[in-house]
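**Student:** build me a model from this:
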Amino acid sequence: MTRQKSSGAYMFKAIPLALVSSALISFFLLLNYYDDVLVPVWPDEILFIQPAQNLAEGKGMGTPVLDELLPSISQRTYWQPPVYFLALATWGALAGFDIGSIRLLSRVCGLGVLVLLWLLALRWGVHTPFALMCVVWTALDLSFQYNSNIGRMDTMSALWLMACLLTFTAYQRGEKSWQAGTAGFFAALATLTHFITIPAVLTLMLVLSWRKRWRDLLWFLSPLALGWGMWLIYAAQDWQSFLAQLGYQFARKAEAGLTGKLRRLLSTPSLGAFTINPPPIWFAFTLASVLMWLRMRKAMLLRRWQLASMLAICCSAGLGGEMWYIGWFAPFGYLVLSVWLHRGFQTNRQRFVLWGLCVLWCCYQGVRVGQALSSVQGLKTEISRFYAELTQVLPKDAQVLLLGFPDPSPALQQRRPDLRLIQLSPTPVPPESLKRTVRQSDFFVGLTREGQRHGVPLNKQVKEWHFHASSGSWAIGLYDLAGGGMTE
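**Tutor:** Predicted coordinates:
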């Protein structure tokens, strides 16, 4: 009898692990099927590949494709924190510096986020079925899938922040200083990968200060001070360029003003045809958790430090207002939702209705993923045609401005090394540098509205390519800026 009970207990534990493993494998295979189509190659990716590759090859950490649109960026890249570039340089030295390689790194980070999300949900007291549902929802979320299939630092920063919360949770139980130091180590990695994680890390620092855990706070701060100190030593090589590059980056974030940022908090941003609908339901659950805590402090669904950190993460993602921040917040939002489901519904009737809603939401997500899958092959054909035709039509030794998706920079660098490619950035740049670059350029390839926004004279359109995804369509234009004619 005892042996039968132990065997049953083992099976009870093995089934969730098997289901989580299946979700992870399916997630990874799905992203590999998306390849470089969903989403298409983004202009940001070449801006991250170049400094990482230069660093790996001992050429510094410059971004020549931006030329001098930002001060000294051809020699030193300061407009983003350094950890992603360092990780990408190490990864690329082993796996190569192409789109497939850097997207594979993001997929690995996405898998890591799902594993840590499972562990964190269990550590926060969520029962196994709801923890499993949390992982499945996140894996099926299109915004999270897109984040995990593009060469950007968002998913890596989510991985470090998730690890920070997990180790901070362990510290709350063990109250050992080394645990606080471990949480600080991951906090340093998170904040030096993406600035969006800073509010959550500051919240954890305030928690330690509020409780007067000064020794543990010192342990927490030590890795942060070391990491940021090393970055500032790198910045000391050229303080003027460091401050200028970051100044232009933050100027872009401030463009919408306070009113615009408040609107962003409850809206769903879009980029071209890639709009993530419906608006994230977990924003509402995070804010509702705050209201419930204010009203019923003794019946909290989350502990105060958990609620404060989730609120900081929610506001960071919402006020940021970019599609990538929605995907970045997805695992944290579904974590809050799983806590609600676990602790907020007690009667059998409530649970029956609840599981029905869970299944319906999974079905909806499945339909959305199915729609995305249906557009992969057609979009892949359109992108291949675009690369092939653009490679043939551009004259030899031309200077080409680029700002669109799919971004042809990687393909043109490989097939047309004679071309001089300049990537326009969504980040504001010095007007005189932009005007000089536009005057010196022969062609513009990209979205018409982006070219107009940068003041590029788009008077003569030579060719246009159309692309179709499940959520919409868009066009990329080729414009002759110099009137020098085209090759046949």
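**Student:** tell me which stretches of the stretch 101-250 of the chain form helices.
**Tutor:** Ranges of helices in the stretch 101-250 of the chain, per DSSP state H, counting those that start in this stretch, are 128-140, 142-147, 154-174, 177-191, 198-210, 214-235, 239-253.
**Student:** deepest-packed of those, please.
**Tutor:** Highest mean neighbour count of the helices of the stretch 101-250 of the chain: helix 142-147, a mean of 25 (counted as mean count of other Cβ atoms under 10 Å). Using the backbone N, CA and C atoms, a C-beta is placed for each residue, glycine as well.
**Student:** wait, which of the helices of the stretch 101-250 of the chain is closest to His468?
**Tutor:** With Cβ to Cβ as the criterion, His468 lies closest to helix 142-147 of those, at 16.8 Å.
**Student:** so for Gly472, which of the helices of the stretch 101-250 of the chain sits nearest?
**Tutor:** helix 142-147 (13.3 Å).
**Student:** which stretches of the protein aren't confidently modelled?
**Tutor:** In the predicted model of the chain, residues 1-13, 253-301, 321, 342-348, 350-351, 483-488 satisfy pLDDT under 70.
**Student:** domain parsing for it?
**Tutor:** Split into domains by automatic domain parsing, the chain comes to 2-34+78-374, 376-480.
**Student:** what separates the shortest one from the chain centre, distance-wise?
**Tutor:** This points to domain 376-480. Taking the mean of its C-alpha atoms, domain 376-480 sits 23 Å from the chain's own mean (Cα atoms, centre = their mean, to the nearest Å).
**Student:** likewise for stretch 198-210?
**Tutor:** Worked out by Cα atoms, centre = their mean, stretch 198-210 lies 22 Å from the chain centre.
**Student:** ok, back up a step: got the helices of the stretch 101-250 of the chain as a markdown table, with distance to Phe85 columns?
**Tutor:** Converted to a markdown table, the helices of the stretch 101-250 of the chain look like this (distance: least, Cβ to Cβ, whole Å):
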| stretch | distance to Phe85 |
| --- | --- |
| helix 128-140 | 27 |
| helix 142-147 | 18 |
| helix 154-174 | 11 |
| helix 177-191 | 13 |
| helix 198-210 | 18 |
| helix 214-235 | 11 |
| helix 239-253 | 13 |
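**Student:** among those, which comes closest to Leu434?
**Tutor:** Across these (criterion: Cβ to Cβ), the nearest stretch is helix 239-253, sitting at 11.3 Å.
**Student:** who touches the closest one?
**Tutor:** With Cβ atoms under 8 Å, 6 or more residues apart in numbering as the test, helix 239-253 has contacts from 70-73, 76-80, 235, 320, 426-430.
**Student:** circling back to that earlier point, among the domains of the chain, which is nearest Ile46?
**Tutor:** Comparison of the domains of the chain against Ile46 by Cβ to Cβ identifies domain 376-480 as nearest, at 4.2 Å.
**Student:** I'd say Leu86 and Phe48 touch.
**Tutor:** No: counting by Cβ atoms under 8 Å, Leu86 stays clear of Phe48, with 11.5 Å between them.
**Student:** ok, the residue nearest the centre of the chain to Phe195 distance?
**Tutor:** By Cα atoms, centre = their mean, the chain has its centre lying nearest to Asp154, at 2.6 Å. According to Cβ to Cβ, to the nearest Å, Asp154 stands 11 Å off from Phe195.
**Student:** element containing Glu389, please.
**Tutor:** Per DSSP states H and E: Glu389 is located in helix 376-393.
**Student:** with just CA atoms, put that helix into PDB.
**Tutor:** Provided in PDB are the C-alpha atoms of helix 376-393 (Å, rounded to 0.1, in the frame of the first residue of the first chain):
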ATOM      1  CA  VAL A 376       4.400  32.500 -42.500                       C
ATOM      2  CA  GLN A 377       4.900  30.900 -45.900                       C
ATOM      3  CA  GLY A 378       3.400  33.800 -47.900                       C
ATOM      4  CA  LEU A 379       5.300  36.400 -46.000                       C
ATOM      5  CA  LYS A 380       8.500  34.400 -46.400                       C
ATOM      6  CA  THR A 381       8.000  34.400 -50.200                       C
ATOM      7  CA  GLU A 382       7.400  38.200 -50.200                       C
ATOM      8  CA  ILE A 383      10.500  38.900 -48.100                       C
ATOM      9  CA  SER A 384      12.700  36.700 -50.300                       C
ATOM     10  CA  ARG A 385      11.500  38.500 -53.400                       C
ATOM     11  CA  PHE A 386      12.100  41.800 -51.800                       C
ATOM     12  CA  TYR A 387      15.700  41.000 -50.900                       C
ATOM     13  CA  ALA A 388      16.400  39.500 -54.300                       C
ATOM     14  CA  GLU A 389      15.000  42.400 -56.300                       C
ATOM     15  CA  LEU A 390      16.500  45.100 -54.100                       C
ATOM     16  CA  THR A 391      19.900  43.500 -54.400                       C
ATOM     17  CA  GLN A 392      19.700  43.600 -58.200                       C
ATOM     18  CA  VAL A 393      18.200  47.100 -58.700                       C
END
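**Student:** can you mark which positions in it are buried?
**Tutor:** Val376, Leu379, Lys380, Glu382, Ile383, Phe386, Tyr387, Leu390 (16 or more other Cβ atoms under 10 Å).
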